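**Student:** structure, please.
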Amino acid sequence: MIPRIVIAGTHSGCGKTTIASGLMAALITRGLKVQPFKVGPDFIDPSHHSAICKRPSRNLDPYMMGEKGVLETFIRASEGADIAVIEGVMGLYDGLEGVDCGSTAHVAKILQAPVILTVNVKGMSRSANATVQGYRNFDEGVFLAGVIFNQVGSTRHRQMIEASQKTPAFGWIPYKRDNSVDSRHLGLCMAHETDAMAAFGPIIEEYCNIDAILEATTKCRTTQASCEVSRDERTDGITRIAVAYDEAFCFYYQDNLDRLRNNGADLVFFSPLHDALPDADALYLGGGYPELYALELESAPATSQIRDEALNEMPLYAECGGLTYLTRGITMGSETKKMVGVLPADTIKMEQFQALGYVHAHCTAQDALLPLGLDWRGHEFHYTRVECDSDARFAMTLSRGRGICDGKDGIYEGGVVAGYTHAYFSDTFAQSFANAAKKFNKQR
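**Tutor:** As a prediction, the model looks like this:
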């Protein structure tokens, strides 16, 4: 496998996203082809990676994908690249329910990749090295190649840390008040809203030893188990699936899109905010921020067109923001904006998140878009609440996760299935969706 490095952190908010993105930008400036990755089910950080590297950033999540899936995605996505940069999630060892599964450390061990630990040293000096030593010794299976100290206050501050330093330091990034990226209720702003992440490239170039980092990327463990990777064998597009993609709908796993293509779907991207609904046999509505664009969506031509196609039983799969868009309306404070209105439910924007975590879903409906018994995993994170009518029907039962209510998710009506779960598509999931689109095409 290609040279690779994991940018981890001691905890969320220590600066690993800006450092990982800045390193990607600095390596691009040096003429390298960088393949970006993000540990975990995040959509926002990968948008910045993709914008910087001009290659789709891929999620690596052992819970959703399995260890083999992580390795396969990594190898396949890295083809044609010179180096891979993997941004971690949360703290290095933070996994599912206090165990290793799904942690940055877990992914680093799967890939046998060296790790650089990001440490925010604001408010400490010698203790920073005690912290690093703790992380270094916690799991012998993790190769901690070095550290980047972030938020260094002064030359004197650096000297105080250096006095007891034992782990190689690849960078000393100074505290700068204006080094930040705006956030909102689901996290950082998306890449199409700010190019601030790419601007960290010169900072990394100035304050980090990139030559030493490049050398560290080649010091990968040699005990990596072999893995046969099935190559994409895309069939000719024999059905068209419209995919909503714009400011309001922008949360998609790249692997999901690829799996739809591999099962014979031509993907037609369009903007519900700005475009008419294209001619298609099915519709995929991902998550995002429809609540921020509710006024525009209420009057957009695509809203009524989607309603018409849904009533015509076009296959339509929607997640999170896509779910709320299909309800009768979104209420924010005292104001309600009408949405597509094909589901017997209403959406309310709340001030605090309503669900956060992994999901394990099962299709328990005989007559829904997805086949009975289908099993898949995913993630949920949202600030809205969907209130359903008493006769609402649910296609999904969750053995893990909250869903729309009480472990039920995926309201279904006709050809529509819409839930809070951001699904990581299995091959069977993608094939079922593509086959439904093909069937709809033949029937109309």
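**Student:** below-threshold pLDDT in the stretch 151-300 of the chain: ranges please.
**Tutor:** 177-198, 221-237 (pLDDT under 70).
**Student:** which other residues reach the one helix or strand L398 maps to?
**Tutor:** L398 is part of strand 394-400 when elements are defined by DSSP states H and E. For strand 394-400, contacts defined as Cβ atoms under 8 Å, 6 or more residues apart in numbering pick out 357-365, 368-370, 403-404, 407-412, 417, 419, 421. In short, each C-beta sits where N, CA and C put it, glycine included.
**Student:** any of those buried? List them.
**Tutor:** 358-361, 363, 365, 368-370, 403-404, 407-412, 417, 419, 421 (16 or more other Cβ atoms under 10 Å).
**Student:** list the buried residues of the strand holding L398.
**Tutor:** Going by 16+ other Cβ under 10 Å, strand 394-400 has these buried residues: F394, A395, M396, T397, L398, R400.
**Student:** likewise for stretch 165-180?
**Tutor:** Buried residues in stretch 165-180 (16+ other Cβ under 10 Å): T167, A169, F170, G171, W172, I173, P174, N179.
**Student:** correct me if wrong: the fifth one contacts Q151.
**Tutor:** No - the criterion here is Cβ atoms under 8 Å, and W172 misses it with Q151 at 10.0 Å.
**Student:** so, low pLDDT: which residues of the stretch 301-444 of the chain?
**Tutor:** For the stretch 301-444 of the chain (pLDDT under 70), the answer is none.
**Student:** could you rerun that using 90?
**Tutor:** Applying pLDDT under 90 to the stretch 301-444 of the chain picks out residues 351-355, 442-444.
**Student:** now the helices for it?
**Tutor:** For the stretch 301-444 of the chain, the helices defined by DSSP state H, counting those that start in this stretch cover 301-311, 321-326, 427-443.
**Student:** export the ones you listed as CSV, with columns for mean neighbour count and distance to L32.
**Tutor:** Listed next are the helices of the stretch 301-444 of the chain as CSV, based on neighbours: other Cβ atoms under 10 Å; distance: least, Cβ to Cβ, whole Å:
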stretch, mean neighbour count, distance to L32
helix 301-311, 18, 40
helix 321-326, 28, 35
helix 427-443, 19, 32
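**Student:** between the ones you listed, which gets nearest to S50?
**Tutor:** helix 321-326 (19.0 Å; Cβ to Cβ).
**Student:** what helices and strands are in contact with the closest one?
**Tutor:** Counting contacts by 3 or more Cβ pairs under 8 Å, 6 or more residues apart in numbering; DSSP states H and E, helix 321-326 packs against strand 249-251, strand 282-285, strand 287-288, strand 316-319, strand 384-388, strand 416-419.
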